[in-house]
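>>> what's the 3D shape of this:
(chains A and B)
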Amino acid sequence: MRRDLPTLLSAGWLLAVCVVSITAPMISNSSPYQPVAEPLTPPGQHFMLGTDALGRDVWTRLVYGARINPGASLLATAITVTIGGLSGLIAASISGWLDRTIMWIANAMLAIPGLLLAMLFVAAMGPGLPTVILAVGFGGAPGFARLARTIFQQVRERGYVTAAKALGAGRSWVALHHLLPNAQGQLLSLATTHFAWAFMGTTTLTFLGLAGDPSIPEWGAMLNTGRAHLIDAPWLALFPGLAISLTILAVQSLGARLANSESK
Amino acid sequence: MKSRLQDLTLIIALFSILFLITAACSKGPEETSTLVYGLTLAPSGIDPHLNASSELGIPLRSVYDTLVFLNPETGKFVPGLAESWTISPDGLTYTFTLRRDVTFHDGTPFNAQAVLANLNRIRDPNNHSQKAVFMLGPLEEVELIDDYKVAIHLSEPYAPLLDSLSDVYLGMASPTAFETWGTAEYQFHQVGTGPYRFVEYIPNDRLTLAHNPDYAWAPSIYYQPQADIQNIIFRFYEDSSTRALALESGEIDIIGEVPPHEASRLSVNADFTLYPVSIPGQPMQFFFNTQLAPTDDVMVRRALIHAVDRQYAVTTVFGVYSVVAQSPFLASTFNLDSQNPTPDYDPKTAEALLEAAGWTDEDGDGIRSKNNIPLELHIVSPPWGSNSEVAQLIRADWEIIGARVTLEIASGFGPLKEIQTQGKYQAIGINFFGTDPDLLRSFYSSTGLYNWTGFSDPKLDQLLLHASQTSLDPNERLRLYQQFVSHVQEEALLLPIRFYVNLVVASKRVEGLHFSAQGWYPILIDLRISH
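Next comes the predicted model:
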């Protein structure tokens, strides 16, 4: 992979988020739930990023949020990749009625935007972080399944697969020994771009207050509560907003880089 | 293709000119006598006899008159549609003599038959009244003595009856109108006798009132005999962060429930006036669940009250506009807040109480436990009125004394009720407004509809029932309710936060703004617009 500046910056930001999330209790000495100072203290010497309307340290909450948002999105992506990838693999390796049925279901679900699907899911299950993760995970699955199927189909048409089939290899053997290993790279870059979508999805749902508990130090909810103080305390919305945008940007550009190097 | 594009441009240009002309025309002389009032909630139904929202009274209090009115300054009842009334010595019969000069907005006369028709409509079980029917208490029979005299017979004494009859939910509507439109449609065609006429209601968009030029029966609590402003349009602003902006942009002239930090900002602005209005009733409060461990133990409940810095919560969330509540009820006529205050913030005592109750942190992980069961607390909060902000601070305070706390915000009244029914909570927030303390009965008597503490004590039930029946002596009622408060404090059933103060902000051009005894409802007849 050629080193270029956007890739370096993106990787740097994501690394920083990872480090911060692991070392959260060390780099901040207060609890994200406890008020520490006068409410709406502006950013300054004692409180780097100021305090929120309830007097909690914004820096501490952002730092603990680095554990929640990326973690939640990772879990959601894992659900999407597992369900979507598996159905894509099944559809590609067993063509015929099963392929048509799976794709018919995926297309029907794609008629509803993924985020709307996720919202419907949360509305039915009741708010909460686990529900949000499941919702975004399931919401992304139909789209992922379709793309994964295309990738598997491309691999399926390659010569060595035809050769293996000619030698009498079964469908599942081909799927596990040829399709899956050879589609890995493309699947990974697809998953990376999907992670950006999942990140956006989870923060959108928590922004809408669907995480249930507003005291959880979570970036989407922080951005939402900051909205009420845009005039008198703009830092409340600014910092979580930046954290969300930078993370999405970083993941997107890494994903694009990955896809590029894959196609070369 | 090109000519079609030109046509389109021409059409757009013509439309913009037309629009400008109509816009210019609408700014005629009557603009000064139209007022726009912002509402903060779009209620699901606005029929006062059938629905329960406080918001509906803001416009409709001025569409309807009531038999009596409650004077917000003296706490005494004054004549309304009834020019006089008598109460029998046993407190079972209220006889009202009605005014003879009153007509509804549709021209039909107001008389004893109309009162009967109204009360029958409220009591009709098919109409499923959510509030008004409960306000009538043990009403047994309505008797027509003559055309302008009506007697209400009760099966047992019921002190809050006059208070109920003074509220908009028992406003007198035209029987002709509700018979014409039927139960479901009447809310869009309401007809009363008040200083304003109902013009139209488009849900989620607007509600329009026009002044009633025939109004000649204003009660003594209204300063002016006739409405000054011709039209009042009500619009909905459910998102609290948009309310101040709507005022500043000139979209609306008045709005309530402005967030405290915005209210502070606008109060120093020369274009606006801030009116903090105290709302009588229950405070913002969290009830402890006495049916579920660990809050089934009164020691734990006391510890949890001591652990919360209520002063910090009130100052942080409500700024300078509210004081900490000490008791379960406050109204100008029933001040139960001065006696028996709720225990103060004292985390040391809280921890000592928990130790004494057997909750200790032996493994040093910061979480107390008893018989290997950790001290876990689940708080459920309604979404409205800053409840969730206060709940977050309560959560923080309870964590400090060694509890593991989870917080859940219900998305509306329905979900809140559902969680309550499942019973999996240690503390839950709910409060009602009202001028008579009898509303406490549904919260604290064993069989009460809102007995969310699950607490049951025949002594308390007896006390509340007795207080509702000693109708003729307000001092005796006050004494009984004080006894009730000390009982409730002893059992540590609730964590009171603050009594509600509605922050109403109005443009400087609005004059004469004052409110009914219930606090929520502006007296629209007295509003004026300065030029």
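>>> would the host helix or strand of B:L304 count as contacting chain A?
Using DSSP states H and E, B:L304 sits in helix B:298-307. No. Against chain A, helix B:298-307 shows no contacts by C-beta under 8 Å from any C-beta of the partner chain, the least distance being 13.0 Å. No exception for glycine: its C-beta is placed from N, CA and C like everyone else's.
>>> chain center to the very next helix or strand once past that helix, what's the gap?
Counting by DSSP H and E, the next helix or strand C-terminal to helix B:298-307 is helix B:310-318. The chain centre lies 22 Å from the centre of helix B:310-318; the measure is C-alpha atoms, centre = their mean, to the nearest Å.
>>> what separation do you get for B:K76 and B:P280?
15 Å (C-beta to C-beta, to the nearest Å).
>>> sorry, that was for B:I152
Counting by C-beta to C-beta, the gap from B:I152 to B:P280 is 24 Å.
>>> compare B:K76 and B:P280 and say which is more crowded by neighbours.
B:P280 (24 against 12; other C-beta atoms under 10 Å in any protein chain shown).
>>> just checking, the more buried one touches B:N431?
No. Counting by C-beta atoms under 8 Å, B:P280 does not reach B:N431; the two are 11.6 Å apart.
>>> can you list the residues of the stretch 151-300 of chain B near chain A?
Contact residues, the stretch 151-300 of chain B versus chain A (C-beta under 8 Å from any C-beta): B:S240, B:S241, B:P259, B:H261, B:R265.
>>> filter the residues you listed down to just the buried residues.
Taking 16 or more other C-beta atoms under 10 Å in any protein chain shown as the criterion, what is buried in these is B:S240, B:P259, B:H261, B:R265.
>>> show me what contacts the third one?
It refers to B:H261. A:L40, A:A53, A:A228, A:H229, A:D232, B:G319 (C-beta atoms under 8 Å, 6 or more residues apart in numbering or on different chains).
>>> tell me how far the closest residue to B:V510 other than its chain neighbours lies from chain A.
Nearest non-adjacent residue to B:V510, counting by C-beta to C-beta, 6 or more residues apart in numbering or on different chains: B:D253, 5.3 Å away. In this view, B:D253 and chain A are 21 Å apart by C-beta to the nearest C-beta, to the nearest Å.
>>> which element is B:L247 on?
Going by DSSP H and E, B:L247 is part of helix B:243-248.
>>> kindly report the same for B:Y275.
For B:Y275, the host element (DSSP H and E) is strand B:272-278.
>>> so what's the residue nearest to B:V510 up against?
So B:D253 contacts B:L35, B:V36, B:Y37, B:L247, B:A506, B:S507, B:R509, B:V510, B:I529 (C-beta under 8 Å, 6+ apart).
>>> look at it and report its pLDDT.
B:D253 carries a pLDDT value of 95.
>>> any idea how many residues pack against B:S486?
12.
>>> where's the residue nearest to A:V251 when sequence neighbours are not counted, which helix or strand?
Excluding its sequence neighbours, the residue lying closest to A:V251 (C-beta to C-beta, 6+ apart) is A:A196, at 4.2 Å. A:A196 is part of helix A:180-207 when elements are defined by DSSP H and E.
>>> thought B:P203 was touching B:A42?
Yes. The criterion here is C-beta under 8 Å, and B:P203 meets it with B:A42 at 6.6 Å.
>>> please save the CA atoms from the helix holding B:L247 in PDB.
Presented in PDB, the C-alpha positions along helix B:243-248 are these (Å, rounded to 0.1, in the frame of the first residue of the first chain):
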ATOM      1  CA  ARG B 243     -39.400  28.100  21.200                       C
ATOM      2  CA  ALA B 244     -37.000  31.000  21.900                       C
ATOM      3  CA  LEU B 245     -36.100  31.200  18.200                       C
ATOM      4  CA  ALA B 246     -39.800  31.500  17.300                       C
ATOM      5  CA  LEU B 247     -40.200  34.400  19.700                       C
ATOM      6  CA  GLU B 248     -37.100  36.200  18.500                       C
END
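>>> quick check: residues of chain B near chain A?
Contact residues, chain B versus chain A (C-beta under 8 Å from any C-beta): B:240-241, B:259, B:261, B:265, B:312, B:316-317, B:388-389, B:391-393, B:395-396, B:399-400, B:406-409, B:411, B:415.
>>> now, those residues that are in helices?
Cross-referencing the residues of chain B next to chain A against helices under DSSP state H gives B:261, B:265, B:312, B:316-317, B:388-389, B:391-393, B:395-396, B:399-400, B:415.
>>> show me the shaky parts of chain B.
For chain B, applying pLDDT under 70 flags the ranges B:1-32, B:471-472.
>>> show me the domain layout of it.
For chain B, the structural domains run B:36-278+B:503-529, B:284-499, going by automatic domain parsing.
>>> check whether A:L238 sits in a helix, strand or coil.
helix (DSSP: H, G, I helix; E, B strand; the rest coil).
>>> tell me the pLDDT at it?
Looking at A:L238, its pLDDT is 95.
>>> ok, now which ones touch it?
By C-beta under 8 Å, 6+ apart, the neighbours of A:L238 are A:G226.
>>> quick one: A:S31 and A:T60 touch, right?
Yes. Between A:S31 and A:T60 there is a contact under C-beta under 8 Å: 7.2 Å.
>>> these two: which has the busier surroundings?
A:T60 (25 against 18).
>>> just checking, that one touches A:A37?
No. With contact defined as C-beta under 8 Å, A:T60 does not reach A:A37; the gap is 11.2 Å.
>>> quick one: A:G241 from A:G170, how far?
52 Å.
>>> which one's more surrounded, these two?
Using other C-beta under 10 Å, the more surrounded residue of A:G241 and A:G170 is A:G241, with 16 against 11.
>>> can you get me a residue count around the closest residue to that one other than its chain neighbours?
Counting by C-beta to C-beta, 6+ apart, A:G241 lies nearest to A:L223, which is 5.4 Å off, once chain neighbours are set aside. Here the count is done by other C-beta under 10 Å, and A:L223 has 21 residues near it.
>>> dump the residue contacts of A:L223.
Applying C-beta under 8 Å, 6+ apart to A:L223 gives the contacts A:T203, A:F207, A:A237, A:P240, A:G241, A:I244.
>>> hang on, the third one packs against A:R227?
Yes. With the criterion set as C-beta under 8 Å, A:A237 and A:R227 qualify as a contacting pair; they are 5.9 Å apart.
>>> neighbour count: the two, which is higher?
A:A237 (18 against 13).
>>> and the more buried one, how far is that from chain B?
11 Å.
>>> kindly report the residues of chain A close to chain B.
Near chain B, when you scan chain A using C-beta under 8 Å from any C-beta, you find A:31, A:33-35, A:39-40, A:53-55, A:126-127, A:209, A:212-215, A:227-232.
>>> quick check: closest non-adjacent residue to B:F104.
Once flanking residues are discounted, B:F104 sits nearest to B:S174: 3.8 Å by C-beta to C-beta, 6+ apart.
>>> ignore what I typed, I meant A:L254.
Here the nearest residue to A:L254 in space, its sequence neighbours aside, is A:S10; by C-beta to C-beta, 6+ apart that works out to 4.9 Å.
>>> identify the residues contacting that neighbour.
Going by C-beta under 8 Å, 6+ apart, A:S10 touches A:L249, A:A250, A:V251, A:S253, A:L254, A:R257.
>>> and if you look at B:A307?
By C-beta under 8 Å, 6+ apart, the residues touching B:A307 are B:Y345, B:P347, B:A350, B:D397, B:W398, B:I400, B:I401.
>>> tell me the spacing between the residue in the stretch 1-150 of chain B that chain A sits nearest to and B:A114.
The nearest approach of the stretch 1-150 of chain B to chain A comes at B:T40, 14.3 Å away (C-beta to the nearest C-beta). B:T40 sits 33 Å away from B:A114, going by C-beta to C-beta.
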